[in-house]
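**Q** Here is a sequence together with a model predicted from it:
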Amino acid sequence: MRIPETAEFAVETERSSIRWFYIYAGALVMIGVAVLVIVFAFPAITPVSESMKPIIAIAGTFIGSMGGFPLKEIIAREQRVRYLRWLKTEAQQPNADLPQLEGLLLDFVKKGTA
């Protein structure tokens, strides 16, 4: 097993997952803010009335969904990235114990896919 290449692939996978978390969160916030801006900036389109309450509730739901943002998941993925980079660096040392590092990487991959 080539440890540096495998570790780098795993790092890219983790980074991609983190990026998608941020894109998802940003999209939810932007939709919520856009709905609120439309409701309040264009009263001619949406006159102030009882019919606005559901629209404001929908916008609040989009923005409030950030309360469920998986911050713990992102922190865990960042820690995995640091660990993988450490493994990669250790594997590139001239006196590296490659069988032990391969075992650590295999354990890491098995744990991540289980």
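**A** Done, it's in. Numbering: from 1, shown residues only.
**Q** Going along the chain, name the helices of the protein.
**A** 3-41, 52-64, 71-91, 98-113 (DSSP state H).
**Q** what about stretch 7-16, average pLDDT?
**A** For stretch 7-16, mean pLDDT is 90.
**Q** Kindly report the same for stretch 53-73.
**A** The pLDDT scores in stretch 53-73 average 77.
**Q** end-to-end on it?
**A** End-to-end span of stretch 53-73 (C-alpha to C-alpha, to the nearest Å): 34 Å.
**Q** Just give me how far that stretch sits from the chain centre.
**A** On the basis of C-alpha atoms, centre = their mean, to the nearest Å, stretch 53-73 sits 17 Å off its chain's mean C-alpha point.
**Q** do stretch 93-111 as well
**A** With C-alpha atoms, centre = their mean, you get 26 Å for stretch 93-111.
**Q** would TSV of the helices of the chain with mean neighbour count be doable?
**A** Just so you know, the C-beta spots here come from the backbone N, C-alpha and C atoms, and that holds for glycine as well. Output for these, formatted as TSV (neighbours: other C-beta atoms under 10 Å):
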stretch	mean neighbour count
helix 3-41	15
helix 52-64	14
helix 71-91	15
helix 98-113	13
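**Q** who touches I56 in this structure?
**A** L36, V39 (C-beta atoms under 8 Å, 6 or more residues apart in numbering).
**Q** What pLDDT does the model give V48?
**A** V48 is given a pLDDT of 59.
**Q** repeat for W20
**A** The predicted local confidence for W20 is 91.
**Q** Distance of it relative to L101?
**A** As for W20, its distance to L101 is 29 Å (criterion: C-beta to C-beta, to the nearest Å).
**Q** Ok, V109 next?
**A** Distance from V109 to L101, by C-beta to C-beta: 13 Å.
**Q** Mind exporting the C-alpha coordinates of stretch 76-93 to CSV?
**A** Provided in CSV are the C-alpha atoms of stretch 76-93 (Å, rounded to 0.1, in the frame of the first residue of the first chain):
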residue,chain,number,x,y,z
ALA,A,76,-14.3,15.4,13.7
ARG,A,77,-13.5,15.5,10.0
GLU,A,78,-10.9,18.3,10.5
GLN,A,79,-9.2,16.1,13.2
ARG,A,80,-9.2,13.1,10.7
VAL,A,81,-7.5,15.3,8.1
ARG,A,82,-4.8,16.3,10.6
TYR,A,83,-4.3,12.6,11.5
LEU,A,84,-4.0,11.6,7.9
ARG,A,85,-1.5,14.3,7.2
TRP,A,86,0.5,13.1,10.1
LEU,A,87,0.5,9.6,8.8
LYS,A,88,1.5,10.8,5.3
THR,A,89,4.4,12.8,6.8
GLU,A,90,5.6,9.9,9.0
ALA,A,91,5.5,7.5,6.0
GLN,A,92,7.8,9.8,4.1
GLN,A,93,10.5,9.8,6.8
